[in-house]
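Q: please work out how this folds:
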Amino acid sequence: MKREIVIAFVVLHYKNMRDTLECIDSIRKLNFSDSYHIVVVDNDSCTLEEAKVLQEKADDFVQAQENLGFAKGNNLGIEKAKEYSPSFIAVINNDTVIEQDDFVNRIKKDYQKYRFDALGPKIITNGGESVNPFPAYKTKKQVEKAIRKSKQLISIYRSKCKRFLLRVYIRLKHILKKPKPLENGKCFQEDVSLHGCAIIFSRKYYKKYHDCFYQGTFLYHEEEFLELRRTKDRLKFIYDPKLEIFHKEGSSLNYSLSLIHI
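A: Here you go, the predicted model:
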């Protein structure tokens, strides 16, 4: 008989062992009495030795046969988490760290009050680039344009030389015109788009859909498809700035973008 799981954490791994292990350790250090479960999905990147380490660290270790990208990789982990019928499934990037001791208790309180489908936390970064609520594009044309741009950036990041030149260009651009920093919302909000680096789905959400994330994306813009689903099906997505997670923005890019194939 399987134990009752209140929350399952799904962590998608790709090559960056240091960040993945730090993410797992931060979950293990949380202070709450309820049962939890950690599912780690490897996007076809582990050596046999690394896979053994992750198997020991996680409660469930799922190894994809190819690099599935963000949406499909996380959906694979979510399917495993669903076997335990948890009250919540927290899908968090492997380059995130939970430092808030009452993280899970805050999730439970928000659900008791709002009965949400999905919940997003305040995202703390060194550079201030990851924000909630997420400024999702609203039209199909905007999304298609952004996807084309993302594919161009992925192509650039495959080349160390092009990646270096891009960083020089961005620095010069910021010197000439200082960018306006993005900020998290300061107040609780309902009916908003949420950043994909950390989303908590409730049971009523993941039981309603076969796939929590739209399968058609690879690395970027999953948020827009979630936003489309939210508006179409009138789902309750909430943002609570009292719930916090630290995101090492861009930490995994140098590990992954130069090696992926789309």
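
Q: now do the same contact list for Y209.
A: Remark: with contacts taken as CB atoms under 8 Å, 6 or more residues apart in numbering, Y209 is in contact with R229. C-beta here means a position set from N, CA and C on the backbone, and glycine is covered the same way.

Q: look up phi and psi at it.
A: Dihedral angles phi and psi of Y209 (degrees, to the nearest 10) take the values phi -120, psi 140.

Q: could you do I124 as well?
A: On the backbone of I124 - angles per degrees, to the nearest 10 - the values are phi -100, psi 130.

Q: hey, what's it bridged with?
A: On DSSP bridges, the residues paired with I124 through beta bridges are F246.

Q: how near is it to D42?
A: With distances taken as CB to CB, to the nearest Å, I124 is found 27 Å from D42.

Q: these two: which is more packed in?
A: D42 (25 against 17; other CB atoms under 10 Å).

Q: tell me how far S35 lies from V6.
A: For S35, the distance to V6 - CB to CB - is 6 Å.

Q: what about those two, which has more around it?
A: V6 (17 against 14).

Q: check the more buried one and give its pLDDT.
A: For V6, the model assigns a pLDDT of 93.

Q: give me phi/psi at it?
A: As for V6, its main-chain torsions (degrees, to the nearest 10) stand at phi -80, psi -40.

Q: ok, it touching I89?
A: No - under the criterion of CB atoms under 8 Å, V6 makes no contact with I89, lying 10.8 Å away.

Q: okay, K109: pLDDT?
A: Per-residue confidence (pLDDT) for K109: 97.

Q: then the one 10 residues further on?
A: pLDDT, the model's per-residue confidence, is 98 for L119.

Q: tally of neighbours for it?
A: When neighbours are counted by other CB under 10 Å, L119 registers 26.

Q: now D211
A: By the criterion of other CB under 10 Å, D211 has 14 neighbours.

Q: wouldn't E190 be in contact with I238 here?
A: Yes - taking contact to mean CB under 8 Å, the distance of 5.2 Å between E190 and I238 places them in contact.

Q: now the helices for the stretch 151-262 of the chain?
A: In the stretch 151-262 of the chain, the segments counted as helices under DSSP state H, counting those that start in this stretch are 160-176, 203-206, 222-233, 253-256.

Q: nearest to S26, out of those?
A: If you check each of the helices of the stretch 151-262 of the chain against S26 by CB to CB, helix 253-256 wins as the nearest, at 18.7 Å.

Q: so F9 sits in a strand?
A: Yes - counting by DSSP: H, G, I helix; E, B strand; the rest coil, one finds F9 located in a strand.

Q: give the contact list for it.
A: Taking CB under 8 Å, 6+ apart as the test, what F9 contacts is I27, Y36, H37, I38, V39, I89, A90, I92.

Q: just the ones in helices from these, please.
A: Secondary structure assignment by DSSP state H places I27 of those in helices.

Q: and the contacts of F9, which of them are in strands?
A: Members of the contacts of F9 lying in strands (criterion: DSSP state E): Y36, H37, I38, V39, I89, A90, I92.

Q: is it true that R163 touches S155?
A: No - using CB under 8 Å, R163 is not in contact with S155; the gap is 10.4 Å.
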